[in-house]
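[1] turn this into a model:
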Amino acid sequence: MLRQEPKQLSLHSILYSKIPEHHILKLIDTYIDFSFINELLKETYCTNFGRPAKEPELMCKLLFIQHLYELSDEVTIREANLNLAYMYFIGVNPEDELPDKSLLCKFRRHRLGNSTLDEMMIEITKQCVELGIIKGTGVSIDATHVEANTIKKTPERMMKHLARNIKQLFEEEKEEALTNIPETPDYQEIEDHKEAKAVMKNHLELVIHEAENQGSSTEPQTSEAIQEAKDILADPKFMAQKGIRSLVDLDARVGRKGKNQSFYGYKTEFMMTTDERIITSVRTSDGAAIDGSDTKDLLTETKKSGLCVEEVFGDKAYFRKDILDDIKSLGAKAYIPVSPLVYRMDEEQFSYNKDADEWHCSQGNTTVKKKYYTSNNKDGKREGYKYYFEMNQCKACPLHDQCAKRSARRILTVGVNTPEFYRISQYQKTEAFKEKYKKRASIEGKNAELKRFHGL
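    Numbering: from 1, shown residues only. Sure, this is the predicted structure:
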């Protein structure tokens, strides 16, 4: 049952005057009002029944202290019973009894969710904007790799463990051995990796088949283990070693750090104010996620906090038409370097006149007409424009023989967004853009801070 109680009415509260005014917890408590948390989480509590619950605000403040000072549940409660600054921050009297350490774990698991944490971040950022703590109008976005805290296993080893788990659960629940199962193959003795995977897959499928034939459907834990094994085998990425690689962490995936470097874990994508380096929104995806997938959500949540976004900084991974359009729809300007993956134009050979919608080649020839085209290939639908140079111009050109060897000849084929990207690329060559883009470097420092000091 959730109820409101007055706080810090004891005579012993005079002890809080000993806390220095510049103490970090006293400063935070002075400027940030956490009372909104009670309203935010009230639906997760029963209003009229059950034992009186500890206030969500108090519990969240305890979790805040725990993270700020890197404490365990047990040490957090123990220190909060002794430290005056902790007591002052969480809003209790010095003689008040604090919740049991086990309640912290229950609160995290049953009261807090991803959406709730997002709403808390939005509200606290909003208060910072209203108080003038956040004054900047620029935000930066980036994604960082997070290694999974588990061993990355080969498919052979995974299938061996799945088969063993099914057999153990079957024997425990049925109280009899699973029969007609040969000895588990030693996949490490098989030199051919593909053959080793095939052998272990056949073994696992045999174990599943025999368990189902011998009555596993009546045993809940065995049935659950069998279904889990079937789901893993059904994923085509599993055998290609791009899917599940651990039974401990089923959500982690293999991702790419670079052309020849991979990692196993997650990607955390976040947005922060460029000047104050305050994080305004966060999303976490598996390691295989593409950078920029959550940009629209991050921008939306940042706007909800009341921040006036006028500039958005990002690296080349965010140079995509949909992201540029999302930024433009907010009335903000994108400071994102042109990516060669989406803008492929030899600017030494061709230049564009946006007013006349014409392309010029290095020899001064000009396109005279254009046609819109679409085509379908293995990567999906492709659309763009074909710009045509005047034939007699090209024939009289001294480089005609070289151009004639190209498949395009007098036709310049460009993507539907190429003219717009060309204009952006020209602006990015200016000193004004280069000077402005230096601000983006602040997010790299935040990345390092999160990993070195906050356990990311």
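[2] quick check: closest non-adjacent residue to the one residue sitting closest to the centre of the chain.
    Centroid-nearest residue in the chain, with C-alpha atoms, centre = their mean: residue 284, separated by 2.9 Å. The shortest distance from residue 284 to any residue other than its chain neighbours is 5.0 Å, reached at residue 268 (C-beta to C-beta, 6 or more residues apart in numbering). Any C-beta I mention is one placed from the backbone N, CA and C, and that applies to glycine too.
[3] ok, now which ones touch the one you found?
    The neighbours of residue 268, taking C-beta atoms under 8 Å, 6 or more residues apart in numbering as the test, are 143-144, 146, 282-284, 456.
[4] if we can go back for a sec, report the secondary structure state of the residue nearest to the centre of the chain.
    Here residue 284 is strand, with the state taken from DSSP: H, G, I helix; E, B strand; the rest coil.
[5] from what I see, it and residue 267 are in contact.
    Yes: using C-beta atoms under 8 Å, residue 284 is in contact with residue 267, at 7.2 Å.
[6] shared neighbours, these two?
    Counting by C-beta under 8 Å, 6+ apart, the residues touching both residue 284 and residue 267 are residue 146.
[7] follow-up on the earlier one: ChimeraX command to pick out the buried ones of the contacts of residue 268?
    Here is the ChimeraX selection string for the buried members of the contacts of residue 268, based on 16 or more other C-beta atoms under 10 Å:
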select :143,144,146,282,283,456
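[8] pick out the lowest-pLDDT one from the contacts of residue 268.
    Least confident entry in the contacts of residue 268, by pLDDT: residue 456, with 83.
[9] please name the nearest non-neighbouring residue to that residue.
    Nearest residue to residue 456 in three dimensions, chain neighbours excluded: residue 450, at 4.1 Å (C-beta to C-beta, 6+ apart).
[10] same check on residue 354?
    In space, and not counting its chain neighbours, residue 354 is closest to residue 423: 5.8 Å by C-beta to C-beta, 6+ apart.
[11] what about that neighbour, how many neighbours?
    Using other C-beta atoms under 10 Å, residue 423 has 11 other residues around it.
[12] and residue 397, that's in a strand?
    No: under the criterion used here (three-state DSSP), residue 397 is coil, not part of a strand.
[13] circling back: from residue 68, how far out is the residue nearest to residue 456?
    Going from residue 450 to residue 68 by C-beta to C-beta, to the nearest Å gives 14 Å.
[14] pick out whichever of the two has more residues nearby.
    More neighbours surround residue 450 than the other of residue 450 and residue 68, with 16 against 13 (other C-beta under 10 Å).
[15] how about that one, secondary structure?
    Secondary structure state of residue 450, per three-state DSSP, is helix.
[16] do you know how far it is from residue 151?
    For residue 450, the distance to residue 151 - C-beta to C-beta - is 24 Å.
[17] for residue 325, give me its contacts.
    Taking C-beta under 8 Å, 6+ apart, we find residue 325 in contact with no residue.
[18] for it, give me phi and psi.
    Backbone torsions of residue 325, given as degrees, to the nearest 10, read phi -70, psi -40.
[19] flag every buried residue along the lowest-mean-pLDDT helix or strand in the chain.
    The helix or strand of the chain with the poorest confidence is helix 400-404; it has a mean of 70 (mean pLDDT, DSSP states H and E). Buried positions in helix 400-404, judged by neighbour count with 16+ other C-beta under 10 Å: residue 403.
[20] cool, and stretch 421-434?
    Neighbour-count burial for stretch 421-434 flags 421-422, 424-425, 428 (criterion: 16+ other C-beta under 10 Å).
[21] could you grab the helix/strand/coil label for residue 227?
    helix.
[22] next: residue 381.
    strand.
[23] for the residue nearest to it when sequence neighbours are not counted, name its beta-bridge partners.
    Spatial nearest neighbour of residue 381, chain neighbours left out: residue 374 (6.3 Å); criterion: C-beta to C-beta, 6+ apart. Taking DSSP bridges as the rule, residue 374 bridges to residue 383.
[24] and residue 129, how many neighbours does it have?
    Residue 129: 17 neighbours (other C-beta under 10 Å).
[25] host element of it?
    Element membership for residue 129 (DSSP states H and E) is helix 114-130.
[26] in that helix, what's buried?
    Residues 116, 118-129 are the ones in helix 114-130 that count as buried (16+ other C-beta under 10 Å).
[27] distance to residue 55 and pLDDT added to those, as TSV?
    Below are the buried residues of helix 114-130 laid out as TSV (distance: C-beta to C-beta, whole Å; pLDDT from 0 to 100):
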residue	distance to residue 55	pLDDT
116	15	82
118	21	88
119	17	90
120	15	89
121	20	90
122	21	92
123	17	92
124	17	91
125	22	92
126	21	92
127	19	93
128	23	91
129	26	91
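[28] still on that earlier bit, and which of the contacts of residue 268 is nearest to residue 314?
    When those are ranked by distance to residue 314 (C-beta to C-beta), residue 143 comes first, at 9.7 Å.
[29] need the contact list for the closest one.
    Taking C-beta under 8 Å, 6+ apart, we find residue 143 in contact with 267-270, 289, 291-292, 317.
[30] appreciated, that's everything.
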